[in-house]
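Engineer: Kindly generate the corresponding structure for this input.
(2 chains)
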Amino acid sequence: MRIELKKRDGLSSLFSILSPFIALGLTLIAGVILFLLLGKDPVKALYSFFIEPLTEVWSLHELAVKAAPLILIAVGLSICYRSNNWNIGAEGQFIIGAMAGSILPVMFHGWQSPLVLPLMLIFAMIGGAAYAAIPAFLKARLNTNEILTSLMLVYVAQLFLDWMVRGPWRNPEGFNFPETRNFHDYAVLPRIIETGKTHWGFGFALIAAIVLWFIMRRTLKGFEITVLGASARAGRFAGFSDKKMVYFAFLLSGALAGLAGISEVSGAIGQVRPVISPGYGFTAIIVAFLGRLNPLGIVAAGLVLALTYLGGEAAQISIGITDKVTRLFQGLLLFFVLGCDTLIHYRIRIVTGATQKGSAA
Amino acid sequence: MDMTQAIILTIMTAATPLLLAAIGELVVERSGVLNLGVEGMMIMGAVAAFAIAQITGSAGLGAIGGLIAGMLFSLLFGFLTLTLVANQVATGLALTILGLGLSGMIGEAFIGLPGLKLAAIEIPVLADIPFIGRLLFNQDPIFYMSIIAVIGVNWFLFKSRAGLRLRAIGDSHSSAHALGVKVVRTRYLAVMFGGACAGLAGAHLSIVYTPQWVENMTAGRGWIALALVVFASWRPTRVLAGAYLFGAVSIGQLHAQALGVGIPSQFLSALPYLATIAVLVIISLNRRMTLINTPASLGKSFVPER
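Structural biologist: Predicted coordinates:
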């Protein structure tokens, strides 16, 4: 038995829409098998994983809080990946952005003014963009592999954050706990509605998604991104600069990751800690692909992946399985998404031994 | 054993997993496939080796288990990228994410357990050579395998017919296909070899280097191995040199931390990652050499026409 691919004449519009759903379905099936292997009732497990978190108002707010950084980072990454720039260091840009944004409330906590929050957001975006500029510069200037450099910088950023929070930034009144001062009121990102935890980071995420969707669909820049991503050579003939695009994609996604970082720190945590992200920067890669690199698709995908975080916690409490299942589900989902995308470009035929002989004759 | 010997020995131990993982990936990339899932295959090898050693009570079986786990895991990548022609970069990332998640789950039961250590094998007579005898001929089996892998791969790629075919595929899969070379089958074999090497490298971490299970214990070594392949411009002997250089850097920073040289430990821990970036930058300064050596089909999907 063999699997044969035949190129479609165009892209299949049916499977463009269906493939993420097929992938989700396959992930659920894999989940059922997994829970059976673990000796858990799969219906109950899947219910507590994927449905229970959606039944309470407070947990819907949690969902939005978790989805905010995922969407913000992923829409930036979608521009990178569409233009063939493989930034996989968003986790590092998230961290550096969060730290840059926290300079004011941590080091100048005496200055309490309505100006603080806007400046924090700007600092964070500059910080994230500056950190993303390193792999961008190395790629544009020296052709250094951006996948490896951006990833290495994640480890560096994590260690730097750890050092800052345990050392220079440690709260002098904090009984030696490795954490900074709590942010003062002017430095806290407000909630969107007073009754729930959803902060403005979610608003930023939606705005970023809509703006980038518009840019991709309706502007020359969007066309440039697509052309250069499909073929740098063709793009150069059209007068586009692939070097400038490297900077554009990296700085934009870095800035958005930085914004996500400060939103998380100031909107959800309220101080800086040695670890501020449960791998949002990496999960956002999955979000970007599940959303088929389309900013609006990414909003939906971000909510789905946020649900896996909540579901992992819920399932740990209600049926006693490890929350490591979350990462497993996320990895499986990306696998199925990538596999199903083949359906968009190719017809898949399963050839059995007998017909193979027949066709050869 | 004197101090110098002891330090060199630790460097060799730190270099072995990098060397093995990198030499496997080198073969994969020479066939034109970019598998960014080294970290994922490595961590799967590490957890499988530790678990199997615990269950069977034999570290040797653990090592074999790690190798097989890495190989099986690489088949997932192979199926997606070679059969379903999915994007190699994204699929490699998926393999890493999946590996980190799956190993975390499997390893949960083994956290904090004392591990089994793979015993060293002393090679008679040779081990008695002064100074180098104890370093080179009284080592764990995985170390010997890493050296054999370098020699074997070097011979295979540049002296054997099959190696020539593999390199031809990496340089132009369509021409190789036109000449009747089995592109997809060869690439599957290369990917499996890479997976086996990464799995064994992971096994080295969990049953030789630090015999215990810690979540995410590969700590980016899979990525460093990928960088080593670029650094070595796809040549096995240079991978050997690069891996030992990195072993020296990571051991050097550990010693510096132990001595308490007044530099924050986090900065020292960041050194191997910064060194990776530095090395990539240095190698890309010589653009021509990189261009000449990079397999021309690297990362490109191939669908056989019929």
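Engineer: Tell me where the model's unsure across the chain.
Structural biologist: All of this is about chain A. The model of chain A has pLDDT under 70 over residues A:1, A:353-361.
Engineer: Switch to chain B, please.
Structural biologist: Residues of chain B that meet the criterion pLDDT under 70 lie in B:1, B:306.
Engineer: need the longest helix for it.
Structural biologist: Longest helix in chain B, counting residues (DSSP state H): helix B:3-30.
Engineer: number of nearby residues for the one residue in the stretch 201-306 of chain B that gets nearest to chain A?
Structural biologist: Of all residues in the stretch 201-306 of chain B, residue B:266 sits closest to chain A, at 3.9 Å by C-beta to the nearest C-beta. Placement of C-beta: from N, CA and C, glycine included. When neighbours are defined as other C-beta atoms under 10 Å in any protein chain shown, residue B:266 has 19 of them.
Engineer: So residue A:337 is in contact with residue A:22, correct?
Structural biologist: No: with contact defined as C-beta atoms under 8 Å, residue A:337 does not reach residue A:22; the gap is 9.0 Å.
Engineer: what sits against residue 157?
Structural biologist: The chain I'm using is chain A. Residues in contact with residue A:157, defined by C-beta atoms under 8 Å, 6 or more residues apart in numbering or on different chains, are A:91-93, A:95-96, A:131.
Engineer: wrong one, I was asking about chain B
Structural biologist: Residue B:157 makes contacts with B:27, B:30, B:163, B:166-167, B:236, as judged by C-beta under 8 Å, 6+ apart.
Engineer: Let's see that with 7 Å instead.
Structural biologist: Shown in contact with residue B:157 (C-beta atoms under 7 Å, 6 or more residues apart in numbering or on different chains): B:30, B:163, B:167.
Engineer: Chain neighbours aside, what residue packs nearest to residue A:254?
Structural biologist: Using C-beta to C-beta, 6 or more residues apart in numbering or on different chains and skipping residues adjacent in sequence, the residue nearest residue A:254 is residue A:132, 2.6 Å away.
Engineer: Next: residue B:108.
Structural biologist: Leaving aside its chain neighbours, residue B:108 sits nearest to residue A:322 (5.2 Å; criterion: C-beta to C-beta, 6+ apart).
Engineer: Can you verify that neighbour is assigned to a strand?
Structural biologist: No: counting by DSSP: H, G, I helix; E, B strand; the rest coil, residue A:322 falls outside a strand, being coil.
Engineer: Next to chain A, which bits of the stretch 151-300 of chain B? Give me the list.
Structural biologist: B:220, B:223, B:226-227, B:230, B:264, B:266-267, B:269-270, B:273-274, B:276-277, B:280-281, B:284-285, B:287 (C-beta under 7 Å from any C-beta of the partner chain).
Engineer: mind listing which of the residues you listed are in helices?
Structural biologist: Reading helices off those with DSSP H, I get B:223, B:226-227, B:230, B:266-267, B:269-270, B:273-274, B:276-277, B:280-281, B:284-285, B:287.
Engineer: show me where the stretch 201-350 of chain A has strands.
Structural biologist: Under the criterion DSSP state E, counting those that start in this stretch, the stretch 201-350 of chain A contains strands at A:346-351.
Engineer: Of residue A:337 and residue A:22, which one has the most company?
Structural biologist: When residue A:337 is set against residue A:22 and neighbours are counted by other C-beta under 10 Å, the residue ahead is residue A:337, at 25 against 16.
Engineer: can you tell me which residues contact residue A:302?
Structural biologist: Residue A:302 sits next to A:67, A:70-71, A:74, A:287 when contact means C-beta under 7 Å, 6+ apart.
Engineer: change it to 10 Å
Structural biologist: Taking C-beta atoms under 10 Å, 6 or more residues apart in numbering or on different chains, we find residue A:302 in contact with A:63-64, A:66-75, A:202, A:205-206, A:209, A:283-284, A:286-288, A:290-291.
Engineer: Also near chain B: which of those, exactly?
Structural biologist: Residues of the contacts of residue A:302 in contact with chain B (C-beta under 10 Å from any C-beta of the partner chain): A:283, A:286, A:288.
Engineer: Looking at those, which is nearest chain B?
Structural biologist: Lowest distance from chain B to the ones next to chain B among the contacts of residue A:302 (C-beta to the nearest C-beta) belongs to residue A:286, with 7.0 Å.
Engineer: Spatially nearest residue to the closest one (excluding sequence neighbours)?
Structural biologist: Looking at residue A:286 with C-beta to C-beta, 6+ apart, the closest residue is residue A:334, at 4.4 Å.
Engineer: Residue A:234 now?
Structural biologist: Once flanking residues are discounted, residue A:234 sits nearest to residue A:227: 6.1 Å by C-beta to C-beta, 6+ apart.
Engineer: list the contacts for the one you found?
Structural biologist: A:83, A:234-238, A:240, A:242, A:245.
Engineer: how about CSV for the contacts of residue A:157, with neighbour count added?
Structural biologist: As requested, the contacts of residue A:157 are exported to CSV (neighbours: other C-beta atoms under 10 Å in any protein chain shown):
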residue, neighbour count
A:91, 25
A:92, 30
A:93, 37
A:95, 33
A:96, 29
A:131, 29
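Engineer: from these, which ones fall inside strands?
Structural biologist: Nothing among those maps onto strands, per DSSP state E.
Engineer: just to revisit the earlier point, contacts only, for the residue of the stretch 201-306 of chain B closest to chain A.
Structural biologist: Residue B:266 touches A:156, A:158-164, A:166-167, A:274, B:257, counting by C-beta under 10 Å, 6+ apart.
Engineer: 6 Å instead, please
Structural biologist: By C-beta atoms under 6 Å, 6 or more residues apart in numbering or on different chains, residue B:266 lies in contact with A:159, A:162-163.
Engineer: now, among the residues you listed, which is nearest to residue B:177?
Structural biologist: When these are ranked by distance to residue B:177 (C-beta to C-beta), residue A:159 comes first, at 46.0 Å.
Engineer: list the contacts for residue B:133?
Structural biologist: With C-beta under 6 Å, 6+ apart, residue B:133 has these contacts: residue B:127.
Engineer: and it, what helix or strand is that in?
Structural biologist: helix B:132-136 (DSSP states H and E).
Engineer: what number of residues lie near residue 41?
Structural biologist: Using chain A here. The local packing of residue A:41 (other C-beta under 10 Å) involves 12 other residues.
Engineer: wrong chain, I was asking about chain B
Structural biologist: Counted by other C-beta under 10 Å, the residues lying close to residue B:41 total 38.
Engineer: measure it to residue A:169 for me?
Structural biologist: In this view, residue B:41 and residue A:169 are 37 Å apart by C-beta to C-beta, to the nearest Å.
Engineer: Ok, residue A:156 next?
Structural biologist: 17 Å.
Engineer: cool, and residue A:223?
Structural biologist: Going from residue A:223 to residue A:169 by C-beta to C-beta gives 44 Å.
Engineer: who has more neighbours, those two?
Structural biologist: Legend: neighbour count by other C-beta under 10 Å for residue A:223 and residue A:169, higher for residue A:169 (20 against 16).
Engineer: what sits against that one?
Structural biologist: A:106, A:180.
Engineer: Am I right that it falls within a strand?
Structural biologist: No: counting by three-state DSSP, residue A:169 is not found in a strand; it is coil.
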